[in-house]
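Got a predicted structure plus its sequence, pasted below:
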Amino acid sequence: MEALSEFDLLRPTTLAGVLEARSAHPNSRLLGGGTDLLVNIRRGIVAPPVLIDVTGVGELRCMKADAHGLEIGACVTLTEIAGHAGVARIYPVVAQAAASIAGPTHRNMGTLGGNLCLDTRCIFYNQSEWWRQANNHCLKTTGDMCHVAPKSRGVCFATFSGDLAPALLTLGAEVDLLGPGGRRSLPLRELYIGVARHDEKATGGDGKNYLALKQGEIVTAVRARHEPGLRSAYDKVRIRRSIEYPVAGVAVALRRDGETLADLRVAITGTNPRPVLLEGTQALCGGKLDAGVFKGLDELVRDQIMSMKTTFTPGHYRRRVAGVLARRLVTRLFGQG
Amino acid sequence: MARILEFILNGRKRLDAVPDNRLLLDYLRETVGLTGTKTGCDGGECGACTVLVDDQPTLSCLTLAASVAGKRVDTVESLGANGALSAVQQGFHEKLGSQCGYCTPGFIMASAGLLRKNPKPSEEEIRSALGSNICRCTGYVKIIEAVQHAAKLYAAGEARP
């Protein structure tokens, strides 16, 4: 690793202070746990002149999980989310996703905000300056080609791999943002614009431009309503069971009404430049959980998941892993007493 | 930019001028001279640099020194007292939990963090608490036994965690 570049550290204790620092330093970056950002700085991927440490801002540390709803502030740590009794009992998919991130020490440091906004990754991007330079850099930094998808014509295919986003997507969560223009809320789904289809540039997003945040805007919290009867769970496959990024991660929420699959939501991470809430799962509901549902689910995964190769696995393998995890979770949750 | 950093290191108050971009790991090793904390992968992947910040295992290679202001930091040097090993150190010593020894300070601090929170961990809890640490020599069997032994010593009141 290289030495850290020079930067100034600001440590505001109020949200107003954070906004002020953001507007005074447009090229600053927010520092939460630092488990991703500091690594990227040391690799020379980014060199922000100012870091704003937001972990001392009390307003970003709210944590509530009861039968009314879920609300988690951006600076709540992953350990705190995973260990919160209310989250584990009422929103198990969120607790399981948080508990599956990296390793325990990383979870003591990493935050909700950092995991939701986690930088997208790629074998050609998360490398040293020297390595990337030998490859003429890539689209996500200063190059003009996506090495993992050479025919992508200007579209970056770096992968989003945060685990909390898919979990929260299955709960229909909303994300609260604060910027120079004030507060606004978005469905969490709309925070992620990395669609990365060459024929469909409607969002203008890809692996490089993957968040709908405006200049100076920050994530302050995420919220979800409690939906009685909704069962949920998260699972992921990694090359080893800690520290490693996912081969694929899958969140499932479903409702069972007698023998009928009444509702189904499936979200997948580690495969596309955004966490994908599968479209079309509602059409699989309304009947028994039979082979037709699984066939339909496989087709949705096949059509909407476009994983790239990593150091360990080819892309098509990761897509199959995502499909298998989804089937297993749906089976398990449907059968749950 | 730099700032005056004031915090508690291994039970004693410390006051130092540190640059904003100084990592806690480099600060401990180079400014303070506590070289028990090891630089391993230097990117948060191996856990050799683990220290306790307010009793929570933390990767000092991904923590800015300035961000521990007002907090309590414990390194491996804080464990033994007056020539006596701590429970975790004694456990690693007796159960041969260390081979080349490079990862050991990190494992010991992660284990100490676990025992301070949960003095009687199950094997599964030990495995999960050591999930951020990598050892390339031992295959982990001896390390798990070492932590189990340390928990027994601690419970018997024979040593501090």
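Perfect, I can see it now.

quick one: low-confidence ranges for chain B?
Within chain B, the segments meeting pLDDT under 70 span B:161.

how about the helices in chain B?
Secondary structure of chain B by DSSP state H: the helices cover B:24-26, B:87-94, B:104-117, B:123-129, B:141-155.

Could you do chain A as well?
Residue ranges of the helices in chain A, as given by DSSP H, are A:15-24, A:37-42, A:78-83, A:85-90, A:92-99, A:104-109, A:112-116, A:129-134, A:164-170, A:188-191, A:291-304, A:315-335.

Any idea how many residues pack against the residue of the stretch 51-200 of chain A at minimum distance from chain B?
Relative to chain B, the nearest point of the stretch 51-200 of chain A is residue A:103 (3.1 Å; C-beta to the nearest C-beta). (Glycine included, C-beta is placed from N, CA and C.) Residue A:103 has 25 neighbouring residues, counting by other C-beta atoms under 10 Å in any protein chain shown.

so it touches residue A:245, yeah?
No - in this structure residue A:103 lies outside contact range of residue A:245 using C-beta atoms under 8 Å: 11.9 Å.

Tell me the residues of the stretch 151-300 of chain A that contact chain B?
A:241, A:242, A:243 (C-beta under 8 Å from any C-beta of the partner chain).

how close does the last one sit to residue A:164?
Okay, so that is residue A:243. 17 Å (C-beta to C-beta, to the nearest Å).

which of those two has more neighbours?
Higher neighbour count among residue A:243 and residue A:164: residue A:164, with 32 against 21, using other C-beta under 10 Å.

where's the more buried one relative to residue A:251, distance?
Taking C-beta to C-beta, one finds residue A:164 at 9 Å from residue A:251.

between these two, what contacts are shared?
residue A:97 (C-beta atoms under 8 Å, 6 or more residues apart in numbering or on different chains).

so how far is stretch A:163-178 off the chain centroid?
Stretch A:163-178 has its C-alpha centroid displaced from the chain centroid by 9 Å (C-alpha atoms, centre = their mean, to the nearest Å).

Spatially nearest residue to the spatially most central residue of chain B (excluding sequence neighbours)?
Within chain B, one residue has its C-alpha closest to the average C-alpha position: by C-alpha atoms, centre = their mean, that is residue B:109, at 2.4 Å. Spatial nearest neighbour of residue B:109, chain neighbours left out: residue B:50 (4.5 Å); criterion: C-beta to C-beta, 6 or more residues apart in numbering or on different chains.

Bridged to the one you found, which residues?
Counting by DSSP bridges, residue B:50 is bridged to residue B:59.

show me the contacts for it.
A:105, B:37, B:57-60, B:105-107, B:109-110, B:113, B:132-133.

ok, these vs residue A:290, which is closest?
Residue A:290 has its nearest neighbour among those in residue B:132, at 42.4 Å by C-beta to C-beta.

so what's the residue nearest to the closest one when sequence neighbours are not counted up against?
Leaving out its chain neighbours, the residue that sits closest to residue B:132 by C-beta to C-beta, 6+ apart is residue A:103, at 3.1 Å. Residues near residue A:103 by C-beta under 8 Å, 6+ apart: A:242, A:243, B:47, B:131, B:132, B:133.

Just name the closest of those to residue A:324, please.
residue A:242 (21.0 Å).

was I right about the closest one contacting residue B:134?
No - using C-beta under 8 Å, residue A:242 is not in contact with residue B:134; the gap is 9.1 Å.

what about residue B:33, how many residues close to it?
By the criterion of other C-beta under 10 Å, residue B:33 has 8 neighbours.

ok, now which ones touch the residue nearest to residue B:105 when sequence neighbours are not counted?
Closest residue in space to residue B:105, ignoring its immediate chain neighbours: residue B:76 at 4.0 Å, by C-beta to C-beta, 6+ apart. Contacts of residue B:76 were listed using C-beta under 8 Å, 6+ apart, and they are B:36, B:37, B:51, B:105, B:108, B:109.

Residue 95: neighbouring residues, count only.
Reading this off chain A. 24.

that answer is for a different chain, and I need it for chain B
For residue B:95, the count of nearby residues is 18 (other C-beta under 10 Å).

Once you drop chain neighbours, what's closest to it?
In space, residue B:95 is closest to residue B:146, 4.1 Å off (C-beta to C-beta, 6+ apart).

Would you agree that neighbour is in contact with residue B:104?
No - Residue B:146 sits out of contact with residue B:104 when judged by C-beta under 8 Å, with a separation of 9.6 Å.

Between those two, which contacts overlap?
Counting by C-beta under 8 Å, 6+ apart, the residues touching both residue B:146 and residue B:104 are B:92, B:97.

which of the residues in stretch B:13-24 are buried?
B:16, B:18, B:19, B:20, B:21, B:22, B:23, B:24 (16 or more other C-beta atoms under 10 Å in any protein chain shown).

Pull the residues that contact it.
Under C-beta under 8 Å, 6+ apart, the answer for stretch B:13-24 is A:4-9, A:38, A:51, B:1-8, B:27, B:31-32, B:51, B:58, B:60-68, B:73.

Just the CA trace of that stretch, in PDB.
Output of stretch B:13-24 as PDB, limited to C-alpha atoms (Å, rounded to 0.1, in the frame of the first residue of the first chain):
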ATOM      1  CA  LYS B  13      -3.200   9.800  29.200                       C
ATOM      2  CA  ARG B  14      -1.300  10.800  26.100                       C
ATOM      3  CA  LEU B  15      -0.900  14.100  24.300                       C
ATOM      4  CA  ASP B  16       0.700  14.300  20.900                       C
ATOM      5  CA  ALA B  17       0.700  16.500  17.800                       C
ATOM      6  CA  VAL B  18      -0.400  14.300  14.900                       C
ATOM      7  CA  PRO B  19      -0.900  15.100  11.200                       C
ATOM      8  CA  ASP B  20      -4.500  14.600   9.900                       C
ATOM      9  CA  ASN B  21      -3.500  11.800   7.600                       C
ATOM     10  CA  ARG B  22      -1.600   9.800  10.200                       C
ATOM     11  CA  LEU B  23      -3.000   6.300  10.600                       C
ATOM     12  CA  LEU B  24      -3.400   5.000  14.100                       C
END
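
Excluding covalently adjacent residues, which one is nearest to residue A:48?
Of all residues not flanking residue A:48 in the chain, residue A:29 sits nearest, at 4.1 Å (C-beta to C-beta, 6+ apart).

My error: substitute residue B:138 in the last question.
Residue B:138 sits nearest to residue B:99 (C-beta to C-beta, 6+ apart), 5.4 Å away.

Look up how far residue B:48 lies from the closest residue to chain A within chain B.
Per C-beta to the nearest C-beta, residue B:132 is where chain B lies closest to chain A, at 3.1 Å. Going from residue B:132 to residue B:48 by C-beta to C-beta gives 10 Å.

can you check residue B:151 too?
Distance from residue B:151 to residue B:48, by C-beta to C-beta: 23 Å.

Neighbours of residue 45, how many?
Answering for chain A, as no chain was given. When neighbours are counted by other C-beta under 10 Å, residue A:45 registers 18.

Sorry, I should have been clearer: chain B.
If you count neighbours by other C-beta under 10 Å, residue B:45 ends up with 18.

ok now do it, which residues does it touch?
A:243, B:134.

one more time with 7 Å
Residue B:45 is in contact with residue A:243, counting by C-beta atoms under 7 Å, 6 or more residues apart in numbering or on different chains.

and what of residue B:9?
Taking C-beta under 7 Å, 6+ apart as the test, what residue B:9 contacts is B:32, B:73.
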